[in-house]
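J.: how does the following fold in three dimensions:
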Amino acid sequence: MWKKELEERIVKRHLIAAMFAAVFAALALAACGGGSSSSSSTESGSAESGSSGNEETASSTSGEGLNTSGKKVKVASALVFQAPNQELIAEGGAQAAREFGAEYSTAAPSEFNSTEAIADFKSLLASGAEGVAVQPYPPSAWTKAVADAKAEGVTIASLNSPAFNIKNWLYVGADEVSLGREIAKLISEGVGRDATGEVVLTQCLSGSTTLSDRNRGIKVGLEEFAPGLTVSSPISTQGINPTAVFGDWQRILETHSDAVAFTGVCTTDLPAMIKAKEKGSAEGILVGVDFSPPTIEAIEEGVVYGSVGQNGYQQGYITTRVILEHLVNNKPMPEGWIDSGTTPATKANIKSVAELMSSVENQVEYYKPIDEELFENISEHTDPIGQVRSDSLPLPNDIGKRQYVPGG
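T.: Residues are numbered from 1 along each chain as shown. The predicted structure is shown next:
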């Protein structure tokens, strides 16, 4: 049942993406003589919210249960590329907007492009967004745009990728070192705690502290869970372009064909790893992050041992709700870091994870009690921003303090 629902959802998204691209392409060309953004408007409930085209708008006028003032606002998310986790971020943001009766928009380039993403961010502001959740990567590129928006009174918070150079704001994202340790735990389960051999690590964006922290977590975790394994230095791959990453993984699996495990810490890695392994002879297990449709199917079939989700829905929902609580209900904006948690999955629980992801309604039902507890006293769940970077702190002894395991 879950597979049919997921397939239907994917088809629906593709149709909506095409519609958004076609409609706004004409509007953008007419307004400014060119440009790469795509957008469309629709009433809430008639379309999926996601990072489609470049920009999508949903008037979330239903609900309003959390809106205690009756104030109507516009909010948005500005992301740096499109991927399944980013679609989940947009779905979480749209759900928060529905609960406040707010208008919600999301924008993202089709492939990683910070310049285009910042241009989209400015377009969202020009369209009247009073609060925006941003994915500020690389941080240095976003400093001025965020500072200018805050100076104009726009409420800004960040998600998925921290920006330590921007002060006095909120970040919502996973504990990246713990996420890496979760990957290490899956590897040790897949190959055995007493196994020997090479584990191949990669990094798709050089200089990303988020990805470096994940790889650091993997290395430290394997020292604990499977100390006989030899961990490679991370091999650089070509960003998050799916075609280029597939070519990289073909070469990696061929060059390291005797490795016992391969892992990529970027959301685009596992789909490329799956295709590359189908065409090669490497026998090592595959472990990575997030749950694209090919990844879900590959875990179910045993092609991929497991994956750890970043909980994109939670990142989008929590960040957007915090912004709306401030704009609509006049609650203070927290400053620091809220851990959005992670979701590990293997063949044992992948059907439950896929069912959770197959509809927004399922995610709302699953996360609602978790989020209500969080928002009852949000300050208790907000840590200093410096704790996101664990290289200057003691390593965590546990596997994520906010880990969710549907069906586990």
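J.: tell me the mean pLDDT over the lengthiest strand in the chain?
T.: Identified as the longest strand of the chain according to DSSP state E is strand 197-203. Averaged over strand 197-203, pLDDT sits at 97.
J.: tell me the strands beside that strand, with direction?
T.: Applying DSSP bridges, strand 197-203 is found paired with strand 229-231 (parallel), strand 235-236 (parallel), strand 261-264 (parallel).
J.: ranking the ones you listed by burial, who's on top?
T.: strand 261-264 (a mean of 29; mean count of other C-beta atoms under 10 Å). Any C-beta I mention is one placed from the backbone N, CA and C, and that applies to glycine too.
J.: contact partners for Leu201?
T.: Leu201 sits next to Asn215, Ile218, Lys219, Val231, Ser232, Ser233, Pro234, Ile235, Thr263, Val265 when contact means C-beta atoms under 8 Å, 6 or more residues apart in numbering.
J.: what comes up buried for the host helix or strand of the second one?
T.: Here Ile218 sits within helix 209-225, counting by DSSP states H and E. By neighbour count, with 16 or more other C-beta atoms under 10 Å as the criterion, the buried positions of helix 209-225 are 209-222, 225.
J.: from these, which has minimum pLDDT?
T.: The member of the buried residues of helix 209-225 with the lowest pLDDT is Thr209, at 86.
J.: gap between that one and Ala354?
T.: Going from Thr209 to Ala354 by C-beta to C-beta, to the nearest Å gives 31 Å.
J.: all strands for the stretch 201-350 of the chain, in order.
T.: Ranges of strands within the stretch 201-350 of the chain are 229-231, 235-236, 261-264, 285-289, 306-309, 336-339, 343-346, based on DSSP state E, counting those that start in this stretch.
J.: output those as JSON lines; include the columns distance to Asp148 and mean pLDDT.
T.: Below are the strands of the stretch 201-350 of the chain laid out as JSON lines (distance: least, C-beta to C-beta, whole Å; pLDDT from 0 to 100):
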{"stretch": "strand 229-231", "distance to Asp148": "42", "mean pLDDT": "97"}
{"stretch": "strand 235-236", "distance to Asp148": "33", "mean pLDDT": "94"}
{"stretch": "strand 261-264", "distance to Asp148": "35", "mean pLDDT": "97"}
{"stretch": "strand 285-289", "distance to Asp148": "33", "mean pLDDT": "97"}
{"stretch": "strand 306-309", "distance to Asp148": "34", "mean pLDDT": "97"}
{"stretch": "strand 336-339", "distance to Asp148": "23", "mean pLDDT": "93"}
{"stretch": "strand 343-346", "distance to Asp148": "36", "mean pLDDT": "96"}
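J.: how about these, which one is nearest Val388?
T.: strand 336-339 (5.1 Å; C-beta to C-beta).
J.: what sits against Glu254?
T.: Counting by C-beta under 8 Å, 6+ apart, Glu254 touches Gly280, Ala282.
J.: domain parsing for this structure?
T.: When the chain is parsed with automatic domain parsing, its domains come out as 16-174+311-341, 176-309.
J.: now the ones you listed in CSV, with distance to Ser358?
T.: CSV is the format used below for the domains of the chain (distance: least, C-beta to C-beta, whole Å):
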stretch, distance to Ser358
domain 16-174+311-341, 12
domain 176-309, 10
